[in-house]
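Enquirer: just need the structure, nothing else, for what follows:
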Amino acid sequence: MNRIPTNFRRTIYCSAIKRGGQKEWDFLWQRYLKSNVASDKSSMLVSLSCSKDPWILNRYLLWATSDDSGIRKQDGPTVVRAVASQEIGNYVAFNFIREKWLDMRKYFGSGFFGIAPVITAVANRLNTPFELLEIENFRTKFRDHLGSATRVAEQAVESVTANVKWMDDNYKTISAWLENQVAISNSNSQSPSTSPTSSPSSESVSSTTVPASR
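Expert: Here you go, the predicted structure:
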């Protein structure tokens, strides 16, 4: 019997997987396979993407796109999107779809439209010129094989372009402000009698707007 309150299961599962290793991941995986409760299986399926081990995440993606793994074909896109939404899983998922795009199209068939949102999930975290080049190369390489994801791929390139511009415009300002705050904090901790110093650059940081996710 699962004694974890239903509303907290996904959070607790994810936390355990994030802080654990292969043993904890395999334990929850076996629980997923044995469970007959749809809501609990859904929570576990997503929580298994919280691992910090790239090889475990890559294996999970392989299972999500393979027959007889225990993951239903209609749940495969959910796994890919869940992995892509994680900090570490994001790039693992991006590498995976670049290498396996044609295989994924063949495997999911008419249900392939469910994978399109993963491109958006991946693009939201890309913000360097190199990563922009990679997403552009992905769009170009599979231009004739994107299907319903064609427009999403175009939007992903636009999103990463905006992210790169935002970093160019604001990274140095924010970095300088944070360094200034650390210096002030260290100074105050060493000299308790010193009154807090205001930061004239706070306004410039607070006025910086992060581009909305597409």
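Enquirer: give me the contacts around stretch 36-53.
Expert: 2, 6, 9-10, 13-15, 17-18, 21-22, 25, 28-29, 31-32, 35, 57, 60, 71, 75, 78-79, 82-83, 85-86, 88-89 (CB atoms under 8 Å, 6 or more residues apart in numbering). (Glycine included, C-beta is placed from N, CA and C.)
Enquirer: an error on my part: the question was meant for stretch 144-162.
Expert: By CB under 8 Å, 6+ apart, stretch 144-162 touches 101-102, 105, 112-113, 115-117, 119-120, 122-124, 126-127, 131-132, 135-136, 138-139, 142-143, 211, 213-214.
Enquirer: and those, which are buried?
Expert: With neighbours counted by 16 or more other CB atoms under 10 Å, those contain buried members at 101, 105, 112, 115-117, 119-120, 122-124, 126-127, 131-132, 135, 138-139, 142.
Enquirer: ok, the closest residue to Leu61 other than its chain neighbours - contacts?
Expert: The shortest distance from Leu61 to any non-neighbouring residue, by CB to CB, 6 or more residues apart in numbering, is to Phe96 (4.8 Å). Phe96 makes contact with Asn58, Leu61, Val80, according to CB under 8 Å, 6+ apart.
Enquirer: surely the second one touches Thr78?
Expert: No - when contacts are counted by CB atoms under 8 Å, Leu61 is not listed as touching Thr78 (11.8 Å).
Enquirer: out of the two, which sits in the busier spot?
Expert: Leu61 (24 against 18; other CB atoms under 10 Å).
Enquirer: give me the mean pLDDT for the longest helix along the chain.
Expert: Secondary structure of the chain per DSSP state H: the longest helix is helix 150-190. Taken as a whole, helix 150-190 carries a mean pLDDT of 88.
Enquirer: what of stretch 44-54?
Expert: 96.
Enquirer: find the nearest non-adjacent residue to the residue nearest the centre of the chain, please.
Expert: Ranked by distance to the mean C-alpha position of the chain (CA atoms, centre = their mean), the top residue is Ser85 at 2.4 Å. The spatial neighbour of Ser85 that comes closest, neighbours along the chain excluded (CB to CB, 6+ apart), is Ala121 at 5.2 Å.
Enquirer: which helices and strands sit right next to whichever strand or helix holds the one you found?
Expert: Assigned by DSSP states H and E, Ala121 belongs to helix 116-123. Counting contacts by 3 or more CB pairs under 8 Å, 6 or more residues apart in numbering; DSSP states H and E, helix 116-123 is packed against helix 76-84, helix 89-108, helix 150-190.
Enquirer: need the contact partners of that helix.
Expert: 77, 80-81, 84-85, 90, 93-94, 97, 135, 148-149, 152-153, 155-157, 159-160, 163, 213-214.
Enquirer: how does it look with 6 Å?
Expert: Under the contact criterion CB atoms under 6 Å, 6 or more residues apart in numbering, helix 116-123 has outside partners 80-81, 84-85, 90, 93-94, 148-149, 152-153, 156, 159-160.
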